[in-house]
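>>> give me coordinates for this.
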Amino acid sequence: MAVLEMSRSNARVVNLVAAYETDHDIILVLEYAAGGEIFDHCVSDELLPETQITRLIRQTLEGVHQLHQNNLVHLDLKPQNILLTSLSPLGDIKIVDFGLARKLGSVGELREILGTPEYVAPEILNYEPITTATDLWSVGVIAYMLVTGESPFAGDDKQETFLNVSQVSVDYSRDAFSRVSELAVDFIRKLLVKAPEDRPSAAECLSHPWLWQLCLSPDSVAIIRERISGSKWGAPSEDPEDKENFLESPHVKRFRFEETASAEFC
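Prediction:
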């Protein structure tokens, strides 16, 4: 409940309407999310188009970024914990279930074995310090599931799943990626890396061109694809005209567009 109270200004976190305490329970009344879980769209016969997926991932990152600014980590991000305000038309996301959430920096390093096997980061399995990068691993898994309809690390049992996670063995050439854009693969690939320090932050993720490619001209996308090759993300730009399209944070790194690239942000 404390996390929900601290996140009242976060539009991507479910709103706490009221709280009641009985002799045995604490009852939370949360806003209604009529669209259900985005997990339903991961297992549907018809996957969402990337136009919708990138919007959902952008919104998830906005919520995660604001949590991280308050030194909060969710630690159980998964499609079942991201709800939609409506189903048709597809609504906005609401992050729920903060039962495993922690505040960083209050009692030194945080090391715990927690989370859901398919979405847990390697550092948790290795009992290494938990950071905001742990949540970003989960965002990568969510993006993978939305574009392919499959789980990247699920095994026949928990032990096999943990082994798959610890080895970070992901095959991006399989049939599941035959209709997935190159930029989507690049986004996922750079989040599903074993070393937490090599993952981009939520703010940096928000500048990745995949999340904006459908608002760009074909020439712009070609330029961007060349520039992100071999780098974490693109370099930041200081163009004041696009500032309103990103979170108001000094840590947000915007992708630098060439002067010849035209863009209309969505």
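>>> next, the buried residues of the helix ranked longest in the chain.
Longest helix of the chain, by residue count under DSSP state H: helix 50-69. For helix 50-69, the buried set under the neighbour-count rule, 16 or more other CB atoms under 10 Å, comprises 50, 53-68. For the C-beta atoms, the positions are set from N, CA and C on the backbone; glycine is no exception.
>>> over to stretch 23-36?
Neighbour-count burial for stretch 23-36, counted by 16+ other CB under 10 Å, picks out 33, 35.
>>> tell me the pLDDT at the closest residue to A34 other than its chain neighbours?
Leaving aside its chain neighbours, A34 sits nearest to S86 (5.3 Å; criterion: CB to CB, 6 or more residues apart in numbering). For S86, the pLDDT comes out at 95.
>>> wait, doesn't S86 sit right on G36?
No - the criterion here is CB atoms under 8 Å, and S86 misses it with G36 at 9.6 Å.
>>> avg pLDDT for stretch 199-216?
89.
>>> for the chain, what spans make up the helices?
2-6, 39-42, 50-69, 122-125, 132-148, 158-167, 182-191, 202-205, 218-228.
>>> how about those in CSV, adding distance to V96?
Below are the helices of the chain laid out as CSV (distance: least, CB to CB, whole Å):
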stretch, distance to V96
helix 2-6, 9
helix 39-42, 12
helix 50-69, 11
helix 122-125, 20
helix 132-148, 14
helix 158-167, 23
helix 182-191, 21
helix 202-205, 18
helix 218-228, 32
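>>> so which of those gets nearest E21?
helix 2-6 (14.2 Å; CB to CB).
>>> who are the packing partners of the longest helix of the chain?
strand 93-95, helix 132-148, helix 182-191, helix 202-205 (3 or more CB pairs under 8 Å, 6 or more residues apart in numbering; DSSP states H and E).
>>> could I have it exported to CSV, CA atoms only?
Extracted in CSV, the C-alpha atoms of helix 50-69 (Å, rounded to 0.1, in the frame of the first residue of the first chain):
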residue,chain,number,x,y,z
GLU,A,50,3.7,-3.5,-33.5
THR,A,51,2.0,-0.1,-33.6
GLN,A,52,0.0,-1.2,-30.5
ILE,A,53,2.9,-3.1,-28.9
THR,A,54,5.2,-0.1,-29.0
ARG,A,55,2.6,2.1,-27.4
LEU,A,56,2.1,-0.4,-24.6
ILE,A,57,5.9,-0.7,-24.1
ARG,A,58,6.3,3.1,-24.1
GLN,A,59,3.7,3.4,-21.4
THR,A,60,5.1,0.6,-19.3
LEU,A,61,8.5,2.3,-19.5
GLU,A,62,7.0,5.6,-18.5
GLY,A,63,5.6,4.0,-15.4
VAL,A,64,8.8,2.2,-14.6
HIS,A,65,10.9,5.3,-15.1
GLN,A,66,8.8,7.2,-12.6
LEU,A,67,9.0,4.4,-10.1
HIS,A,68,12.8,4.3,-10.5
GLN,A,69,13.0,8.1,-10.0
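>>> and the angle for that helix with helix 132-148?
If you take axes from the mean of the first three to the mean of the last three CA atoms, to 10 degrees, helix 50-69 sits at 170 degrees to helix 132-148.
>>> contact partners for T134?
Applying CB atoms under 8 Å, 6 or more residues apart in numbering, we find T134 in contact with 73, 75, 121, 123-124, 196.
>>> where does it land on pLDDT?
Note for T134: predicted pLDDT of 96.
>>> and the closest residue in space to L191 that isn't next to it in sequence, how many residues sit next to it?
Distances taken as CB to CB, 6+ apart place G140 nearest to L191, at 2.9 Å, with adjacent residues excluded. Using other CB atoms under 10 Å, G140 has 23 neighbouring residues.
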